[in-house]
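Peer 1: Here is the input, now give the coordinates:
(chains A and B)
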There are 2 protein chains.
Amino acid sequence: MDEFMKAAIEEAQKGLNEGGIPIGSVIVHNGKIIGRGHNRRVQKGSVILHGEMDAFENAGRQPASVYRESVLYTTLSPCPMCSGAILLYGIPKVIIGENKTFMGDEEHLKSHGVELEVLQDETCINMMNKFINENPTLWNEDIGV
Amino acid sequence: MDEFMKAAIEEAQKGLNEGGIPIGSVIVHNGKIIGRGHNRRVQKGSVILHGEMDAFENAGRQPASVYRESVLYTTLSPCPMCSGAILLYGIPKVIIGENKTFMGDEEHLKSHGVELEVLQDETCINMMNKFINENPTLWNEDIGV
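Peer 2: Predicted structure coming up:
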């Protein structure tokens, strides 16, 4: 597997080990990870730190030119909020671990010209299926349901 | 003026006094403010704490039923990221101070049935015009340009 999706999965597993929701993300610029993160709803009582948002935050304040040349990796299809952050900063390409357990706002991203690649990775799918089955209420809270 | 837009403007001015970008927001449920915030890019080195995001974060973890009955007030038209957060949590109504200095993703919100009210408030317009004229680089960074 691609080393960057592997890093995103490691982030997801870190989140799980902390008692959190297992979704991870990394932002890659010129072949180097500039930001990595995972969902911190449980850990920080945060409603905005989804995995992708945490990766953006940890990448820090970057010039627009850096975002425009970056690729975002995420273990799960990006929700409307994370899709909006991707559009705000003009990330041109998103690699998605899977969209079988949750379909984010992929149509909105595509309609704005963002290139998407969906891997349907078994590790990502199994991790989320298990989590959702065991924590349906927490999962629904995370996606506003 | 509506007391809640007044509170959002107070948040924006608080941000300005801290050396930050003057955009504020409050979330109102059943006639009561449950979260208030302002842009914290400068203050916290944050790329995700726009005013609306800060208000969501400060409102804390709420059940979906609360978001669905809430109104979000913001001094400025919500960018794609903040619009995405509004959609994720199913906020049904957004009151916008102005959209003359920046037009956010209002079309996307409307297409998902969110009710928008744009006040074109002079205080909001003047505050942003002055800030953008004096800090064009910082402002562009905040909107990913």
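Peer 1: Not counting its neighbours along the chain, what's nearest whichever residue of chain A sits closest to chain B?
Peer 2: Closest to chain B within chain A is A:G84: 2.6 Å, counting by Cβ to the nearest Cβ. All C-beta atoms are positioned from the backbone trio N, CA, C, and that covers glycine. Spatially, and ignoring its direct neighbours in sequence, A:G84 is nearest to B:G84 (2.6 Å; Cβ to Cβ, 6 or more residues apart in numbering or on different chains).
Peer 1: Would you mind naming what in chain A lies close to chain B?
Peer 2: Proximity of chain A to chain B (Cβ under 8 Å from any Cβ of the partner chain) is limited to residues A:41, A:45-48, A:53, A:56-57, A:59-64, A:67, A:79-85, A:87-90, A:105, A:108, A:140-141, A:143-145.
Peer 1: From the residues you listed, which land in helices?
Peer 2: Counting by DSSP state H, the part of the residues of chain A next to chain B found in helices is A:41, A:53, A:56-57, A:59, A:64, A:67, A:80-85, A:87-88, A:108, A:140-141.
Peer 1: among those residues, which ones are buried?
Peer 2: A:41, A:53, A:56-57, A:59, A:67, A:80-85, A:87-88, A:108, A:141 (16 or more other Cβ atoms under 10 Å in any protein chain shown).
Peer 1: Widest-spaced pair of the residues you listed?
Peer 2: Using Cβ to Cβ, these span at most 29.2 Å, a distance reached by A:Y67 and A:E141.
Peer 1: List the buried residues for stretch A:44-54?
Peer 2: So stretch A:44-54, judged by 16+ other Cβ under 10 Å, has buried residues A:46-54.
Peer 1: for A:E134, phi and psi?
Peer 2: Torsion angles at A:E134 (phi, psi; degrees, to the nearest 10) stand at phi -90, psi -20.
Peer 1: For burial, what's the neighbour tally of it?
Peer 2: 9 (other Cβ atoms under 10 Å in any protein chain shown).
Peer 1: For it, give its distance to A:R68.
Peer 2: 39 Å (Cβ to Cβ, to the nearest Å).
Peer 1: In chain A, mark out all the strands, start to finish.
Peer 2: Counting by DSSP state E, chain A has strands at residues A:24-29, A:32-38, A:70-74, A:93-96, A:115-118.
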